[in-house]
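*Asks:* Please find the sequence and the predicted model below.
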Amino acid sequence: MDFSGRLDRQLRITGWDQEALERTPVAVVGDHDRLASLFVLAAAALGLKRLVLVAPWWDEALLAAAAQLNPGLQLAAVEGYYLHPAQDAWFRDCRVWVDLSRYGLATKLLFDRGCREGRPGLRGFCETGAGVSGLVVYTYLPGQEGPELERVVTPRNLPGPPAGDPVPELIAAGLVLEELKNLVMGGTGSGKLFTYRREEVRRGERSPAILVVGAGALGNFAGWGLLAAGLTDLTVMDPDVIEVTNLNRQVFFAGAVGRPKAQVLAERLNGLFGVNTAARTEYFGVETDIGAYDLVVDGVDNFETRLVLSEACRAAGKRLVSGGSSAQAGQVIVYDPRQGGPTPAELLGLAEIVAGRPSGPYRRERAACVYDPEPSVIMSNMIVGGLMADAARQLLGGGTPENIFYESGKGIRSE
């Protein structure tokens, strides 16, 4: 595969330092879940090359995808737990550490090492209990130790049985990588504690039919999150083909440049989860019938289609989760006709925006990134895609999720 141009969209970001990402060795400590595997996959897509992973288990398929996305990836994976200072030799050359474990001993050892050697680090983990599920992400800066340290050390000191919710794990991996990028490229991190929590969702007796419109970066991550959460009746719709410039954030497309996005995403998700995701290589238009679907997930990249989607869901009385992202921010807007309120298009004023543009068809012949080469990076898409999947399963579980907004360095808020 010709990888020239793979990182083009992130290299367009002002002040971007790809060389710093590629030369910085990073230590990653994981646990019995997919969080570390998701982090490695995203880090490889971003262009990090030197990673040391210590974990008792990892997702082989996700690590294989990471290697295919980034042929320069140098990943040293050690199977086991991090339980003793003698194991520090594994991380001798690592400038930054990332702790994704759920046992306190690893966290204490890494904080102690960071304090002694002046090495910053990231702490990210997911938590469940008392009917609530969520995540915690913290940037540790040596010399700035505060009360947050007590909050991020889990009560269980030694490794325990496998646990975890894959959707918060997806969001947490993106948040941790965003903080790592800021730390490596800017030399400083936010030093903040980020949290995201919501009530645990009850699964229904049947798997509702979901239409994911847009198989780009948001579609990649929302699709993965929905299937990981057990929502297996999925259809993906997208008219575009895969371009090399997609590969810095659309993580399931390596080796498929030139092929239809919807078809490839369905194939890759089916291979990962053993399901039967359907693909529709077509535009969503005013004539598209959504009667067979219980919910629509909007991950498209243009206002015209998003406006059509909103109007179609309102007319058909269908629930809609609409996501949008930029290089450093994003939002998830939820529409539930049972609750009333504005559609995503109405809330964002898309009709006025579209009306103010030169007239012409919104349908394009080739992939959107070719015609709209805006800066784009994996982290915001990973976070927003995960939040879209979470909002979708809350809606389907009878909940009333709020609209969610994300901004780099400020975390996630809802309203």
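*Replies:* Good, I have the coordinates.
*Asks:* from here on, contacts and neighbour counts on C-alpha atoms
*Replies:* Will do.
*Asks:* check which helix or strand covers the spatially closest residue to Trp90 that is not a sequence neighbour.
*Replies:* Distances taken as C-alpha to C-alpha, 6 or more residues apart in numbering place Val52 nearest to Trp90, at 7.6 Å, with adjacent residues excluded. In this assignment (DSSP states H and E), Val52 forms part of strand 50-55.
*Asks:* so what's the residue nearest to Trp90 up against?
*Replies:* Residues near Val52 by C-alpha atoms under 8 Å, 6 or more residues apart in numbering: Pro25, Val26, Ala27, Val28, Leu75, Ala76, Ala77, Val78, Trp90, Phe91.
*Asks:* what's the spacing between the last one and Arg113?
*Replies:* Right, the one you point to is Phe91. 10 Å (C-alpha to C-alpha, to the nearest Å).
*Asks:* Over to the second one?
*Replies:* When C-alpha to C-alpha is the yardstick, Val26 and Arg113 sit 14 Å from each other.
*Asks:* and if you look at the third one?
*Replies:* When C-alpha to C-alpha is applied, the distance between Ala27 and Arg113 equals 12 Å.
*Asks:* same deal with Leu141?
*Replies:* Taking C-alpha to C-alpha, one finds Leu141 at 12 Å from Arg113.
*Asks:* Quick check: neighbours shared by the two?
*Replies:* Arg119.
*Asks:* For these two, indicate the residue with more neighbours.
*Replies:* Set Leu141 next to Arg113 and count neighbours by other C-alpha atoms under 10 Å: Leu141 wins out with 22 against 17.
*Asks:* Enumerate every residue touching that one.
*Replies:* Leu141 neighbours (C-alpha under 8 Å, 6+ apart): Arg119, Pro120, Gly121, Thr188, Gly189, Gly191.
*Asks:* bridging residues for the third one?
*Replies:* On the basis of DSSP bridges, Gly121 is bridged to Trp97, Tyr140.
*Asks:* So it is in contact with Tyr140, correct?
*Replies:* Yes: counting by C-alpha atoms under 8 Å, Gly121 sits close enough to Tyr140 to count as a contact (5.1 Å).
*Asks:* Next secondary structure after the lowest-mean-pLDDT helix or strand in the chain?
*Replies:* Lowest mean confidence among the helices and strands of the chain (mean pLDDT, DSSP states H and E): helix 368-371, at a mean of 42. Reading on from helix 368-371 to the C-terminus, the next helix or strand found by DSSP H and E is helix 378-396.
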